[in-house]
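*Asks:* heads up, no residue letters with this:
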């Protein structure tokens, strides 16, 4: 049997085990939304190392001046180097695990990106989660030079004039049938 065939059989076996114990695994993975800040880890050694790798490309990195360009590099890293995989179970990964595996779902990628951006010196960075019906959208956003930078972990970086403009674009209004919240390593806030 070739190595590829053997690996395929192992993957099938692992998937069978995971699906058999799916409910038990997911019950251990429950986080209350107010606990989500624990997932953002800007002081983690692997996150700090990646942030330093990005910022060291600047002659003398100053976040108030160079953050936007550094954020573009962090976004490029997460978008290009982290493979988007959505396992058949709900499972939280910390940023160091996403970096080690070079894989995670869209939420994991947003958590990693937020952690890197905070580690690069922008403490206003947050994850915005908007749920409309069964569709969830994840954005990482921050304040920078009187604007809002909104970073889609798998898309583009967009600038907004204000947080309200961003929320309007995402459909976050009092009369909308949605759930929306934001968080980072220091806070959690319901928006709708």
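*Replies:* Received, thanks. None of the values given here were measured: they were computed from a predicted structure.
*Asks:* which regions of the protein lie under the pLDDT threshold?
*Replies:* 26, 28-31 (pLDDT under 70).
*Asks:* For it, just list every one of the helices.
*Replies:* For the chain, the helices defined by DSSP state H occupy 3-20, 22-27, 45-55, 63-81, 95-101, 106-119, 163-169.
*Asks:* Pull out the buried residues from the fifth one.
*Replies:* Residues of helix 95-101 classed as buried: 95, 96, 97, 98, 99 (neighbour count, 16 or more other CB atoms under 10 Å). Quick note: C-beta positions are derived from backbone N, CA and C, even for glycine.
*Asks:* With the flanking residues excluded, which residue is spatially nearest to the third one?
*Replies:* In space, not counting the residues next to it along the chain, residue 97 is nearest to residue 104; the distance is 7.8 Å by CB to CB, 6 or more residues apart in numbering.
*Asks:* what does the last one give?
*Replies:* Taking CB to CB, 6+ apart, and ignoring the residues beside it in sequence, residue 99 has residue 46 as its nearest neighbour in space, at 4.8 Å.
*Asks:* for that neighbour, what are its contacts?
*Replies:* 95, 96, 99, 100 (CB atoms under 8 Å, 6 or more residues apart in numbering).
*Asks:* one more time with 7 Å
*Replies:* Neighbour list for residue 46: 95, 96, 99 [criterion: CB atoms under 7 Å, 6 or more residues apart in numbering].
*Asks:* Tell me the one of these nearest residue 163?
*Replies:* residue 95 (24.3 Å; CB to CB).
*Asks:* if I read this right, the closest one contacts residue 111, doesn't it?
*Replies:* Yes. Counting by CB atoms under 7 Å, residue 95 touches residue 111, with 6.0 Å between them.
*Asks:* Once you drop chain neighbours, what's closest to the most centrally placed residue in the chain?
*Replies:* The centroid of the chain falls nearest to residue 110 when counting by CA atoms, centre = their mean (1.1 Å). Leaving out its chain neighbours, the residue that sits closest to residue 110 by CB to CB, 6+ apart is residue 138, at 4.2 Å.
*Asks:* Quick check: bridge partners of the one you found?
*Replies:* On the basis of DSSP bridges, residue 138 is bridged to residue 129.
*Asks:* Could you report the distance from it to residue 172?
*Replies:* 14 Å (CB to CB, to the nearest Å).
*Asks:* And for residue 48?
*Replies:* From residue 48 to residue 172 the distance is 32 Å (CB to CB).
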